[in-house]
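**Student:** attaching a predicted model along with its sequence, questions to come.
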Amino acid sequence: MQSGEAGGVLGKGLQVALLVGSLALAAAGGALLFASPIGAAEVTISVAATGDGTGSCSGSGTSLTCPSLRAAVMKANELTDPVTIELDAGTYQLTVPPATDDTAETGDLDITKRSGALTVRGEGSGQTAITGAWSGEADRLFDVGPGSTLVLKGVRLTGGRAVHDDARDHDGGAVWVGGVLQLGDVVFEDNHAAADGGAIYVAPSGTVTTLSGARVTFRENTAGESGEDGTPGSGGALAVAGTVVLDGTVAFTGNSATETGGAVHVAGGRLVLGSQAVIGGPGDDAANRAGTDGGGLSLDGGLVELQGTLVQGNLAPTDVTRRGQRPGGRDLGREGPADAPERRRGRKPGIEWWWHRDRPGDADDPGQRDS
Ligand SMILES: [Ca+2]
Ligand SMILES: [Ca+2]
């Protein structure tokens, strides 16, 4: 079942419950990925300062102290045991310029640890922040490579910029996920991808899930660049080509994409959102915005399961700016099969977009689109 099928019940305060019952199982399945090796010793790393840089760590055994978050991640990558990096309240800045190495030494913090999860634990998303503070060329914050696991708890991620030329194609403003990302109390705010996934991009090999009782907020992240030479971007907060199961309290507000999916874009894989997830909501500030279609969520292949998720008040163009172009779906958008009844070539070469006429009952809401 796909999100577009919910189009028939589009309306203000849209509540869609497409598939029920698989969320807990899906989450449990994901949790198995994070089991620590039996007998592994948990290593705890304290971070001495909020500034960036490399440097050697002190301590021994299961208790270490490193001079920076970057140094702590580099140390964790070397270890085979599970590691928890503990961050105090404060703003941890990333300022070491990016290079082309795709290591934790420069630019984004590449998680390359192949054995044992890496947990980064702050004092709470209102107390501890990790922020991109580059003065020159910027980068995203974390890059979770295939085979690695990153667990984020009690942190706010902000100022990530996926604009640096690396192997990740300008996707994932805060985190690029090719391995496993697990979220507790986490806020993603003001991150930007020049391409897809303003906060998070999930590659086909990647998995994102939530911890028990998670509170995850995606606020004012952006994907894509406008203008003649700008790269179109989809999924203002989240772009999915792998597996994403978000249970707990999850909110997407004020995110935007220059192309489709103001909050979320699914281009393969599987997305499951639970009954405490909200995309948009009442009030102008809550709206997510897409440049073309799917103000809240867009689907271009893959599977979306919305299990009582609220999708409300999002925005996509409602004015006809090009000859023959139909209005975008304010809440849900979808690319359709080649034999869709109404189709035309979209902005991306070779991709067909389709729009459906509104049902008569939706005449008061010209921006919406039914499937
Ligand atoms: Ca990288
Ligand atoms: Ca890096």
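**Tutor:** In hand now; what should we look at? Here the structure is a predicted model, which is why all the values come from computation and not from measurement. Ligands and ions are numbered 1, 2, ... in the order given.

**Student:** switch to C-alpha atoms for all contacts and neighbour counts from now on
**Tutor:** OK.

**Student:** can you tell me the closest non-neighbouring residue to the residue of the stretch 101-250 of the chain found nearest ligand 2?
**Tutor:** Nearest residue of the stretch 101-250 of the chain to ligand 2: D108, at 3.8 Å (Cα to the ion). Counting by Cα to Cα, 6 or more residues apart in numbering, the nearest residue to D108 once its immediate chain neighbours are dropped is L141, at 4.8 Å.

**Student:** with A214 instead?
**Tutor:** A214 sits nearest to G184 (Cα to Cα, 6+ apart), 4.4 Å away.

**Student:** quick check: that neighbour is in a strand.
**Tutor:** Yes. Counting by DSSP: H, G, I helix; E, B strand; the rest coil, G184 falls inside a strand.

**Student:** list the contacts of it.
**Tutor:** V151, L152, K153, G154, T210, L211, S212, G213, A214, R215, V216 (Cα atoms under 8 Å, 6 or more residues apart in numbering).

**Student:** again, only this time at 10 Å
**Tutor:** G184 sits next to 121, 124-125, 151-155, 209-216, 248-249 when contact means Cα atoms under 10 Å, 6 or more residues apart in numbering.

**Student:** okay, now A40: neighbour count?
**Tutor:** 12 (other Cα atoms under 10 Å).

**Student:** tell me how far the residue nearest to it when sequence neighbours are not counted lies from ligand 2.
**Tutor:** Residue nearest to A40 in three dimensions, not counting chain neighbours: D81, with 5.6 Å by Cα to Cα, 6+ apart. According to Cα to the ion, to the nearest Å, D81 stands 22 Å off from ligand 2.

**Student:** how about D81, phi and psi?
**Tutor:** phi -80, psi 160 (degrees, to the nearest 10).

**Student:** tell me, how many residues neighbour it?
**Tutor:** 22.

**Student:** what of E220?
**Tutor:** 25.

**Student:** go on, the one 4 residues further on?
**Tutor:** Other residues lying near G224 total 27 when counted by other Cα under 10 Å.

**Student:** and this protein, which of its residues are near ligand 2?
**Tutor:** D102, T103, A104, T106, G107, D108, L109 (Cα under 5 Å from the ion).

**Student:** now the most centrally placed residue in the chain: closest residue in space, sequence neighbours ignored.
**Tutor:** Nearest to the geometric centre of the chain sits I200, at 2.7 Å (Cα atoms, centre = their mean). Leaving aside its sequence neighbours, I200 sits nearest to G172 (Cα to Cα, 6+ apart; 4.4 Å).

**Student:** ok, now which ones touch that neighbour?
**Tutor:** 139-143, 160-163, 191-203, 223, 235-239 are the contacts of G172 under Cα under 10 Å, 6+ apart.

**Student:** now, which of these lie within strands?
**Tutor:** When DSSP state E is applied, these are split such that F142, D143, R161, A162, H192, A193, I200, Y201, V202, A223, L238, A239 fall in strands.

**Student:** and those residues, which is closest to R70?
**Tutor:** F142 (10.5 Å; Cα to Cα).

**Student:** please name the residues that touch that closest one.
**Tutor:** Contacts of F142 (Cα under 10 Å, 6+ apart): 104, 107-111, 150, 157, 160, 172-177, 200.

**Student:** using TSV, please lay out the residues of the chain next to ligand 2 together with distance to P317.
**Tutor:** Converted to TSV, the residues of the chain next to ligand 2 look like this (distance: Cα to Cα, whole Å):
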residue	distance to P317
D102	38
T103	40
A104	40
T106	40
G107	36
D108	34
L109	37
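
**Student:** top of the residues you listed by neighbour count?
**Tutor:** D108 (30 neighbours).

**Student:** pretty sure A133 is touching V96, no?
**Tutor:** Yes. Here A133 lies in contact with V96, judged by Cα atoms under 10 Å, at a distance of 9.0 Å.

**Student:** thought T253 was touching N221?
**Tutor:** Yes. The pair T253 / N221 is scored as a contact, 8.9 Å apart, by Cα under 10 Å.

**Student:** and these two? which has more neighbours close in?
**Tutor:** N221 (33 against 27).

**Student:** what's the ChimeraX line that selects buried ones from the contacts of G184?
**Tutor:** Of the contacts of G184, the buried ones go into a single ChimeraX selection, burial set by 16 or more other Cα atoms under 10 Å:
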select :121,124,125,151,152,153,154,155,209,210,211,214,215,216,248,249
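
**Student:** next, the contact list for the closest residue to A195 other than its chain neighbours, please.
**Tutor:** Computed as Cα to Cα, 6+ apart, the closest residue to A195 that is not its neighbour in sequence is G233, at 4.3 Å. Counting by Cα under 10 Å, 6+ apart, G233 makes contact with 170-171, 192-198, 222-226, 239, 256-262, 265, 290-291.

**Student:** of those, buried ones?
**Tutor:** Applying 16+ other Cα under 10 Å to these flags 170-171, 192-198, 222-225, 239, 256-262, 265, 290-291 as buried.

**Student:** picking up where we left off before, what's the distance between the residue nearest to D108 and L157?
**Tutor:** 8 Å (Cα to Cα, to the nearest Å).

**Student:** now the common contact residues for the two.
**Tutor:** Common neighbours of L141 and L157 (Cα under 10 Å, 6+ apart) are I130, T131, G132, G173, A174, V175, N191, A199.

**Student:** between these, which is nearest A72?
**Tutor:** I130 (13.5 Å).
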